[in-house]
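Trainee: heads up, no residue letters with this:
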């Protein structure tokens, strides 16, 4: 059993906590010891949200140390970059290629980092960087809210949990009328990851 | 039965209890009431729980100390959730002190499984030792999920409710209370002896050069960081099982205490004459985590230097922060915007919506002072709104405003408080203002829910803890009932009326109340007709950005409204702030 420490970060309302709850349950059912911890104090109000998720043989701390995360799942570019230091050397960064400028940027007090700056920040930790057009694909599928499931689909290719476990969990978790679009999002996420892994040149 | 007042990170306890049939649950008016309700149930022989955040126990301290004196009949457990690091709190306090202060035992779980298993113990101890039990959690217990095995069919121990009169126990006049104090001292001795063999305290003996005593979430961090050390996991952090501590100390070369916030255990151990390393290792301020623990352990030589780059080597740029905001369509936004405008100017220009542009040199708050309270609206303290002048604790705004006025501060003063907070502890201060002939203006921002903690009901909503219809306390009637004659109820999205009402009320010589009413958009989830910016008519004054709405942003020299985020003409605050009428409802 391989341990996996995942840090998931985004903006309030993007479904970060839901995604980490789902992934935690899937991992428990797959036989892992799992601990997760969310920072969500006032984040429903559009602030930063971060969820620590750890799975392995036996897990003590529910929080990941800086420099230890095997995976960084950024639901938004700035939030992905903000937590880059948590990634271990050569960990995997999966970042939804979406910019949600915070108010300080909107008001002109600070600058939103360019894609290049975000990438450079991540590169100091790893070369395994995947920018995913998740929001675009989700909109294409007809529901921007399935972004979180799409990203889990992408991530699932890197984890040692079989595909059926995710589909089972989604089937139980998601209301019937949204199930099809969620399953599609999961499948599209996986496809995207498999395709990108094959065509990588590092 | 269970009673609570919402507060991060404790809110979910009641939200989940409300899903169990067969338990009476309620959102109480405030934490003091919640604990008193639980005390009453306990006196009636029924097991009762009260849940609250750390500062909630400050509010409930009076009944907490009283319950310690009287003791219980049915088990009485108070769950309090501390918030080290202040994720969503106004202060950091270590509520373990309350256990010692009130001479009550405390239990601290280290993960979800123990939080589940310990509850049965907590009720049992309460009944066996005739004492309330303080069950302490912290953010990283409350907002963590770890694997837990649930009993197949939890045995519910029910006794028929029955109150047996016993004035010597329940009526705390001095002559009855005096004989209770020796019983309390005796009780704490007995509990200390009982905790010597408490099965969930766990000693793990491995490498004896370091022996770590820890509790709560800190214990898990310590296990993570000190892989080979010996451990004493302490669930019962008060009263201390002294013999167990001495035994552990005698088996290891160096005793290290890993505890978040205050040196609570460290001080007790030192008083016992046991030399320990405590706050020298773990900071007294802020939330602990494994990273800080590891860094500090290396720094003081408890751990060797790891082969990995020190975590202090930051890789981030100076990225812009993302503080929480008032949401698009927030019913607090218009009032906050009005207060900002009224606050910045000594003499407020009557008809100048663009006045801010020329106000550079006058950017000092010389006009209205706005004392504020605990809730979403406190977010209006951040730029660009900068609308508020104080925020201390639940219900403080009204008393503070009254004090400023009576001290002779010349400014016009308003207090700003939410509906739930007003009923929690604002109402008593309003009575004080009426009685003591204040002339303060109280703005009650009524979004018809307890929004900050995730939309719980309160008496003003007429929705119960189970989400069912309940009798509603009408806030404006309440205010009139205590003697306020100038009570106004206005629409939360009507900026001119809000401004005019505030202007009028602050000039009168009697107390006034303005109930600003509008539903929280996150609860009702309804959108109005979409708004668009007609750039050809926009003069780029950017007043619309000063309302602080996340849905409207600047794109180079243009302004755009995000149709996904915008709540449309349900709100229309930006439309009202635009002096060119360049923001309009989309045609057709």
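Mentor: Nice, thanks for sending it over. Please read these numbers as outputs of a predicted model, since none were measured by experiment.
Trainee: okay, how far is it across stretch A:138-152, tip to tip?
Mentor: End-to-end distance for stretch A:138-152: 13 Å, by Cα to Cα, to the nearest Å.
Trainee: residues in contact with that stretch?
Mentor: With contact meaning Cβ atoms under 8 Å, 6 or more residues apart in numbering or on different chains, stretch A:138-152 is reached by A:14-16, A:18-19, A:22-23, A:73, A:75, A:94, A:96, A:132, A:134-135, A:137, A:166, A:170, A:178, A:181-182, A:184-186, A:188-189, A:192, B:564. Yep, even glycine has a C-beta here, placed from its N, CA and C like the rest.
Trainee: Determine the longest helix present in the chain.
Mentor: Unless you meant another one, I'm taking chain A. helix A:176-198 (DSSP state H).
Trainee: other chain: chain B
Mentor: Max-length helix for chain B by DSSP H is helix B:112-129.
Trainee: For it, give me every contacting residue.
Mentor: So helix B:112-129 is in contact with B:47, B:72, B:74-77, B:105, B:107, B:109, B:131-133, B:135, B:137, B:141, B:144-150, B:157, B:187, B:190-191, B:194, B:200, B:235, going by Cβ under 8 Å, 6+ apart.
Trainee: for it, what is the average pLDDT?
Mentor: The pLDDT scores in helix B:112-129 average 97.
Trainee: between the helix or strand following that helix and helix B:112-129, how many degrees?
Mentor: Next in sequence after helix B:112-129, counting helices and strands by DSSP states H and E, comes strand B:133-138. Angle between the axes of strand B:133-138 and helix B:112-129 is 160 degrees (criterion: axes from the mean of the first three to the mean of the last three Cα atoms, to 10 degrees).
Trainee: can strand B:133-138 be found next to chain A?
Mentor: No - using Cβ under 8 Å from any Cβ of the partner chain, strand B:133-138 stays clear of chain A, coming no nearer than 11.2 Å.
Trainee: Note down every partner strand of that strand and its orientation.
Mentor: Using DSSP bridges, strand B:133-138 pairs in its sheet with strand B:76-82 (parallel), strand B:106-107 (parallel).
Trainee: Can you say which of those strands is packed in most?
Mentor: Sort those by mean neighbour count, taking mean count of other Cβ atoms under 10 Å in any protein chain shown, and strand B:76-82 sits at the top with a mean of 28.
Trainee: circling back to that earlier point, any chance you could list what contacts the longest helix of chain A?
Mentor: The contact list for helix A:176-198 (Cβ under 8 Å, 6+ apart) reads A:130, A:132, A:134, A:137-138, A:141-143, A:146-147, A:149-158, A:163, A:166-167, A:170-171, A:174.
Trainee: and residue A:8, what element?
Mentor: strand A:4-11.
Trainee: Now do that strand: which elements does it pack against?
Mentor: helix A:16-29, strand A:48-56, strand A:69-74, helix A:77-82, strand A:87-96 (3 or more Cβ pairs under 8 Å, 6 or more residues apart in numbering or on different chains; DSSP states H and E).
Trainee: Arrange those in TSV, one row each, with distance to residue A:36, mean neighbour count and mean pLDDT as further columns.
Mentor: Below are these laid out as TSV (distance: least, Cβ to Cβ, whole Å; neighbours: other Cβ atoms under 10 Å in any protein chain shown; pLDDT from 0 to 100):
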stretch	distance to residue A:36	mean neighbour count	mean pLDDT
helix A:16-29	5	21	96
strand A:48-56	4	24	95
strand A:69-74	13	26	98
helix A:77-82	17	26	95
strand A:87-96	18	22	96
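Trainee: can I get these in CSV with distance to chain B?
Mentor: Output for those, formatted as CSV (distance: least, Cβ to the nearest Cβ, whole Å):
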stretch, distance to chain B
helix A:16-29, 6
strand A:48-56, 5
strand A:69-74, 12
helix A:77-82, 5
strand A:87-96, 8
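Trainee: and those as a markdown table, adding distance to residue B:208?
Mentor: Putting those into a markdown table (distance: least, Cβ to Cβ, whole Å) gives the following:
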| stretch | distance to residue B:208 |
| --- | --- |
| helix A:16-29 | 35 |
| strand A:48-56 | 27 |
| strand A:69-74 | 33 |
| helix A:77-82 | 42 |
| strand A:87-96 | 32 |
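Trainee: what about residue B:112, how many neighbours?
Mentor: Other residues within reach of residue B:112, judged by other Cβ atoms under 10 Å in any protein chain shown, total 17.
Trainee: Would you mind listing the buried residues in the lowest-mean-pLDDT helix or strand in chain A?
Mentor: Least confident helix or strand, chain A: helix A:103-106 with a mean of 75, by mean pLDDT, DSSP states H and E. By neighbour count on 16 or more other Cβ atoms under 10 Å in any protein chain shown, the buried set for helix A:103-106 is A:103, A:104, A:105, A:106.
Trainee: Helix or strand next in line after it, which one?
Mentor: Next along from helix A:103-106, by DSSP H and E: helix A:115-123.
Trainee: Can you give me the end-to-end span of stretch B:252-262?
Mentor: Chord length of stretch B:252-262, first to last residue, is 24 Å (Cα to Cα).
Trainee: Looking at residue 176 now. What's its pLDDT?
Mentor: Since you didn't name a chain, this refers to chain A. pLDDT for residue A:176: 94.
Trainee: hmm, I had chain B in mind actually
Mentor: Note for residue B:176: predicted pLDDT of 97.
Trainee: tell me which element the closest residue to it other than its chain neighbours falls in.
Mentor: Closest residue in space to residue B:176, ignoring its immediate chain neighbours: residue B:168 at 5.2 Å, by Cβ to Cβ, 6 or more residues apart in numbering or on different chains. For residue B:168, the element it lies in under DSSP H and E is helix B:167-170.
Trainee: what pairs with the helix or strand of chain B with the lowest mean pLDDT, and is each one parallel or antiparallel?
Mentor: The weakest-scoring helix or strand in chain B, judged by mean pLDDT, DSSP H and E, is strand B:552-555 (a mean of 84). With DSSP bridges as the test, strand B:552-555 is paired with strand B:558-561 (antiparallel).
Trainee: what about the partner strand, average pLDDT?
Mentor: On average, strand B:558-561 scores 92.
Trainee: Quick one: buried ones out of the contacts of stretch A:138-152?
Mentor: Buried members of the contacts of stretch A:138-152, scored by 16+ other Cβ under 10 Å, are A:14-16, A:19, A:22-23, A:73, A:75, A:94, A:96, A:132, A:134-135, A:137, A:166, A:170, A:178, A:181-182, A:184-186, A:188-189, A:192.
Trainee: Would you quantify the distance from the closest residue to residue A:32 other than its chain neighbours to residue B:397?
Mentor: Nearest residue to residue A:32, sequence neighbours excluded (Cβ to Cβ, 6+ apart): residue A:55, at 4.0 Å. Using Cβ to Cβ, to the nearest Å, residue A:55 is found at 46 Å from residue B:397.
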